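Build me a model from this:
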Amino acid sequence: MVYMTKTQQEQKHQMMVNEPINKLIVRMAIPTVIAMLVTSIYNMADTYFVSQLGTSASGAVGVVFPLMTMIQAIGFLFGNGGGSTVSRYLGAKRDVEAQQVASTAFFASIFFGGLLTVFGLYFLDDLINLLGATDTIFPYAYQYGSYILFGAPYMAASFTLNNLLRGQGNAFYSMIGITIGGVLNIILDPIFIFALNFETAGAAIATIISQFVSFCILFYMINSKRSLARISFKNISFKKTILREIVKVGMPSFYRQGLASIANVMLNTQAAFYGDPTVAAMSIVSRIYMFIFATSLGLGQGYQPVCGYNYGAKEYKRVKQAFWFFVKTVTIIFVIVSSIAIIFAPSILAIFRKNDPEVIAIGSKALRFYSLSLPLLSWTLACNMTSQSTGKSLYATAISISQQGLFFIPIIYFLPRYLGLTAIQIGIPLANLLTFMLSIPIGIKLLKEFNHPKK
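Now for the predicted structure:
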């Protein structure tokens, strides 16, 4: 294997700390935006194809979504924790420790993903019921969830590899792995669901096959000659400093995704009181919302290594420039896309369930509420991602816990008693508003710290 030379490493370092911020973030973000859009598209493809089987089948995808979120939580714990630490270590030219972080994070994600598979399959019946399945949705959710659990170890590891590649500035290679897997998923979905008549199980089988292909590509890429932090058993480290840094930085992502999983379970449970059409409608809206959200997440994933690398190199002025560029760009994107979603909400819902007016009516109202709150998230995302990229995990944890835990879970538990179905439709937007208000002082404090960094 050919490794990157010292000259190539120095060239990369110079690019990260000297290239104009706007140009650098766009360069880093283009592949991550493409990757996020492809991921969202094939998630929507699952929802679209399964929705053709009926309202209950469509609801099953939403019921199992919290399980997918928990797999992501494991991958993001070690991926964001490892990726952010790798970027700061590389910025500080601590290359050996960066490789130890990458290897430790990768193998930890496989191990904990494997634990989720074992316990999830053993308690599968109880798990599907816990996730909020109605009697009619249960058989579809059981089929879908059982296959998804088999892929948990390498799916979690794929999320980790994706973040490790981005953390060292190799977002293009991350994009290749995710895009190929996403395109394959879209191709396999109709084959397994309809041609082979596997129905809901077919969507899950298509997902775990395509995710395994992505995993193999990402693993190859992180061990290629262009990688600065490669994976190997010999680089696994049990040093407290390394383990603590990975977990400390990664925990906000784990809290966010873990609480999102719990929140989705509660959303499904509350929606189930209003019948399968409500579960199906909220499942579809969640996928559309994530598709709209994907561009900002992709831009943020291009922003984070730039932020972390320059923070590690003590280029604090560039960190502030990157922060404001991210906020302004994401705000513009959200305003444009949200406006489109608000105007054409019924037509968008009809793509999935054109002969189901009840699903369209419930989903259109929810999508409009969701879209109204999106522009607020540009500031919240910037504060969260900046905190995580610079190792200020307390701020990132506060934002992550508040959005899903402090705000959304109580809202979705108590508000339906007074507002009924409307509470389910406005739960996420209201939580977004409250989180935005919380993140204002956090962002101001962050920016002040970059003006006067601690020695």
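
Now do M251 against I71, distance only.
17 Å (Cβ to Cβ, to the nearest Å). Quick note: C-beta positions are derived from backbone N, CA and C, even for glycine.

Could you check which of the two is surrounded by more residues?
The neighbour comparison of M251 against I71 (other Cβ atoms under 10 Å) goes to I71, with 27 against 21.

May I ask which helix or strand encompasses that one?
For I71, the host element (DSSP states H and E) is helix 55-91.

gap between that helix and the chain center?
With Cα atoms, centre = their mean, to the nearest Å as the basis, helix 55-91 stands 5 Å off its chain's centre.

Then stretch 153-164?
Relative to its chain's centre, stretch 153-164 lies at 11 Å (Cα atoms, centre = their mean).

What's the mean pLDDT across that stretch?
Per-residue pLDDT over stretch 153-164 has a mean of 92.

With only the CA atoms kept, save it in PDB.
The C-alpha trace of stretch 153-164 is given here as PDB (Å, rounded to 0.1, in the frame of the first residue of the first chain):
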ATOM      1  CA  PRO A 153     -22.800  -3.800  12.500                       C
ATOM      2  CA  TYR A 154     -21.600  -2.800   9.100                       C
ATOM      3  CA  MET A 155     -24.300  -0.100   8.700                       C
ATOM      4  CA  ALA A 156     -23.100   1.600  11.900                       C
ATOM      5  CA  ALA A 157     -19.500   1.200  10.700                       C
ATOM      6  CA  SER A 158     -20.300   2.800   7.400                       C
ATOM      7  CA  PHE A 159     -21.600   5.900   9.200                       C
ATOM      8  CA  THR A 160     -18.300   5.900  11.200                       C
ATOM      9  CA  LEU A 161     -16.100   5.500   8.100                       C
ATOM     10  CA  ASN A 162     -18.100   8.300   6.300                       C
ATOM     11  CA  ASN A 163     -17.300  10.700   9.100                       C
ATOM     12  CA  LEU A 164     -13.700   9.600   9.500                       C
END
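
so where's the stretch 351-455 of the chain uncertain?
452-455 (pLDDT under 70).

circling back: quick one: average pLDDT of the helix holding I71?
For helix 55-91, the per-residue pLDDT averages 86.

before we move on, what about stretch 100-111?
For stretch 100-111, mean pLDDT rounds to 93.

chain center to it: distance?
19 Å.

For it, buried residues please.
By neighbour count on 16 or more other Cβ atoms under 10 Å, the buried set for stretch 100-111 is 100-110.

contacting residues around that stretch?
Under the contact criterion Cβ atoms under 8 Å, 6 or more residues apart in numbering, stretch 100-111 has outside partners 74-75, 77-79, 81-83, 85-86, 89, 153-154, 156-157, 159-161, 164, 222, 229-239, 242-243, 245-246, 250.

repeat for stretch 426-441
For stretch 426-441, using Cβ under 8 Å, 6+ apart, the contacting residues are 267, 289, 366, 369-370, 372-374, 376-377, 379-380, 383-384, 398-399, 402-404, 407-408, 411-412, 415, 419.

Quickly find the element holding G132.
Short version, using DSSP H and E: G132 is in no helix or strand.

State the phi and psi torsions of it.
For G132, the backbone dihedrals (degrees, to the nearest 10) come out as phi 100, psi 20.

Also the one 4 residues further on?
The phi and psi values for T136, taken as degrees, to the nearest 10, are phi -80, psi -30.

Quick check: the gap between it and P277.
For T136, the distance to P277 equals 11 Å [Cβ to Cβ].

any chance you could map the helices in the stretch 1-150 of the chain?
Here the stretch 1-150 of the chain has its helices, by DSSP state H, counting those that start in this stretch, at 6-18, 21-51, 55-91, 95-122, 124-130, 138-150.

Check the stretch 251-400 of the chain too.
276-312, 316-343, 345-353, 357-373, 377-389, 393-401.

Those into CSV, with extra columns for mean neighbour count?
Formatted as CSV, these follow (neighbours: other Cβ atoms under 10 Å):
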stretch, mean neighbour count
helix 276-312, 25
helix 316-343, 18
helix 345-353, 19
helix 357-373, 22
helix 377-389, 25
helix 393-401, 21
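
Dump those helices to CSV, plus distance to I444.
Formatted as CSV, the helices of the stretch 251-400 of the chain follow (distance: least, Cβ to Cβ, whole Å):
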stretch, distance to I444
helix 276-312, 17
helix 316-343, 12
helix 345-353, 35
helix 357-373, 21
helix 377-389, 9
helix 393-401, 11
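
My guess is F219 contacts N162. True?
No - the criterion here is Cβ atoms under 8 Å, and F219 misses it with N162 at 11.0 Å.

between those two, who's got more neighbours?
Per other Cβ under 10 Å, whichever of F219 and N162 has more neighbours is N162, with 29 against 17.

which residues sit against stretch 400-411?
By Cβ under 8 Å, 6+ apart, stretch 400-411 touches 252-253, 255-256, 259-260, 262-263, 266, 380, 384, 423, 427-428, 430-432, 434-435, 438.

which residue is nearest the centroid of this structure?
Centroid check for the chain by Cα atoms, centre = their mean gives Q72 as the closest residue, at 6.7 Å.

Now do the same contact list for the nearest residue to that residue once chain neighbours are set aside.
Counting by Cβ to Cβ, 6 or more residues apart in numbering, Q72 lies nearest to Q257, which is 5.1 Å off, once chain neighbours are set aside. Neighbour list for Q257: 69-70, 72-73, 76-77 [criterion: Cβ under 8 Å, 6+ apart].

for these, which one is nearest I208?
Nearest to I208, judged by Cβ to Cβ, of these is Q72 at 14.5 Å.

The closest one and A102, how far apart?
According to Cβ to Cβ, Q72 stands 19 Å off from A102.

related to what we said a few turns ago, can you give me the angle the helix holding I71 makes with helix 21-51?
Here helix 55-91 runs at an angle of 160 degrees relative to helix 21-51 (axes from the mean of the first three to the mean of the last three Cα atoms, to 10 degrees).

now helix 55-91 against helix 345-353, angle please.
With the same axes, to 10 degrees as the basis, helix 55-91 and helix 345-353 are set at 100 degrees to each other.

from here on, count from 494
Sure, I'll start numbering at 494, so the last one becomes helix 548-584.

tell me which residues in helix 548-584 are buried?
Of the residues in helix 548-584, 548-584 count as buried by neighbour count, 16+ other Cβ under 10 Å.

Give the full set of residues in contact with the nearest residue to M509 once chain neighbours are set aside.
In space, and not counting its chain neighbours, M509 is closest to Y802: 4.5 Å by Cβ to Cβ, 6+ apart. Y802 makes contact with 509-510, 580-581, 583-584, 662, according to Cβ under 8 Å, 6+ apart.

swap in N655?
For N655, the contact set (Cβ under 8 Å, 6+ apart) comprises 528, 568, 572, 667, 670-671, 711.

And those residues, which is the shakiest by pLDDT?
For those, the least confident entry is A528, with 76.

Quick check: it touching S667?
Yes - judged on Cβ under 8 Å, A528 makes contact with S667 at a distance of 6.1 Å.

any idea how far L931 is from I937?
Per Cβ to Cβ, I937 is found 12 Å from L931.

what about those two, which has more around it?
Counted by other Cβ under 10 Å, I937 and L931 do not tie: L931 has more neighbours, with 17 against 11.
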